[in-house]
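J.: pasting the sequence and the predicted coordinates here, then a few questions.
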Amino acid sequence: AQKVTQAQTEISVVEKEDVTLDCVYETRDTTYYLFWYKQPPSGELVFLIRRNSFDEQNEISGRYSWNFQKSTSSFNFTITASQVVDSAVYFCALLRRYGQNFVFGPGTRLSVLP
Amino acid sequence: GAVVSQHPSWVICKSGTSVKIECRSLDFQATTMFWYRQFPKQSLMLMATSNEGSKATYEQGVEKDKFLINHASLTLSTLTVTSAHPEDSSFYICSARNRDSQFQGLNQPQHFGDGTRLSIL
């Protein structure tokens, strides 16, 4: 069975603080894909990143960075120097194969206070 | 880039009415579309998978007679909530799989619509 856990339900930080959102996944597949999506209050899902299971290289994109550790089945997301516009719900998701559906984690609601 | 159009964005209707939600891929062919439901402050849960030209596959606990799915073309899938009741109030979001995404090495295997907020009074 596939499962994604995001232990932090809600996080509040003050603007310019760094924040890390945790994601732990479970799968028996040897090949899979991991994703992070942002859902602002308007509801649409905004794609942030995809990571293949066979590529453990960490990635940085501007203020965003991701730490994928296969040994601990974790795919954590860090926002550096957070901004009010980062306030949203963030979902970690697992995809077994490209033709199948996403399995989403429960989401972490991030509030960045001015 | 790949765009999925979902309509309506929001709908409010009386209990007992039926509501149709459209999910349309605008610039790619979607052999598979997924329908998710999201209750307030909860995650997205898969309701059903629809493949063009065949019957939809429903997840356990989702009533197929209540949530009618039609995927008649490679660019359009519809979800009809029949005889809607207040407990059906939710955020419904579709995603469309670009059948060529994997072979093209695209980052996103599916593209999401912007969702439909359904409120049943």
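T.: Arrived safely, thanks for sending. Keep in mind the model is a prediction, meaning the values are calculated, not measured.
J.: in CSV, list the C-alpha atoms belonging to the strand or helix carrying residue B:118.
T.: Element membership for residue B:118 (DSSP states H and E) is strand B:116-120. C-alpha atoms of strand B:116-120 as CSV (Å, rounded to 0.1, in the frame of the first residue of the first chain):
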residue,chain,number,x,y,z
THR,B,116,-15.1,23.2,-8.3
ARG,B,117,-16.4,24.3,-5.0
LEU,B,118,-19.8,22.7,-4.5
SER,B,119,-22.2,23.9,-1.8
ILE,B,120,-25.5,22.1,-1.4
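J.: that one pairs with which strands, parallel or anti?
T.: When sheet partners are counted by DSSP bridges, strand B:116-120 sits next to strand B:10-13 (parallel), strand B:90-98 (antiparallel).
J.: run through who's touching it.
T.: Under the contact criterion Cβ atoms under 8 Å, 6 or more residues apart in numbering or on different chains, strand B:116-120 has outside partners A:43, B:6-15, B:19, B:21, B:81, B:84-93. Every residue, glycine included, has its C-beta placed from N, CA and C.
J.: and if you look at stretch A:33-41?
T.: Taking contacts as Cβ under 8 Å, 6+ apart, the residues outside stretch A:33-41 that touch it are A:23, A:25, A:45-53, A:66, A:68, A:75, A:77, A:87-96, A:98, A:102, A:107, B:109.
J.: quick one: average pLDDT of it?
T.: Stretch A:33-41 shows a mean pLDDT of 96 in the predicted model.
J.: quick one, what contacts residue A:21?
T.: Neighbouring residues of residue A:21 by Cβ under 8 Å, 6+ apart: A:6, A:8, A:11, A:76-79, A:90, A:92, A:108, A:110.
J.: so in terms of bridging, what pairs with it?
T.: As for beta bridges, residue A:21 partners with residue A:77 under DSSP bridges.
J.: need the pLDDT of it.
T.: Per the predicted model, pLDDT is 98 at residue A:21.
J.: same check on residue A:60?
T.: As summarised for this prediction, residue A:60 has a pLDDT of 89.
J.: what of the one 10 residues further on?
T.: Per-residue pLDDT puts residue A:70 at 93.
J.: need the residues of chain B near chain A, please.
T.: B:32, B:34, B:41-46, B:49, B:91, B:93, B:95, B:97, B:101-102, B:107-110, B:112, B:114-115, B:117 (Cβ under 8 Å from any Cβ of the partner chain).
J.: filter the residues you listed down to the buried ones.
T.: Taking 16 or more other Cβ atoms under 10 Å in any protein chain shown as the criterion, what is buried in those is B:32, B:34, B:43-46, B:49, B:91, B:93, B:95, B:97, B:101, B:108-110, B:112, B:114-115, B:117.
J.: does chain B sit close to the helix or strand of chain A with the lowest mean pLDDT?
T.: Each helix and strand of chain A was given a mean pLDDT (mean pLDDT, DSSP states H and E); the minimum falls on strand A:59-61 at a mean of 89. No - remark: strand A:59-61 sits outside contact range of chain B, by Cβ under 8 Å from any Cβ, the gap being at least 11.5 Å.
J.: paired strands for the following helix or strand past that strand, with orientation please.
T.: Next helix or strand after strand A:59-61 toward the C-terminus (DSSP H and E): strand A:64-69. Looking at strand A:64-69 with DSSP bridges, its partner strands are strand A:59-61 (antiparallel), strand A:74-79 (antiparallel).
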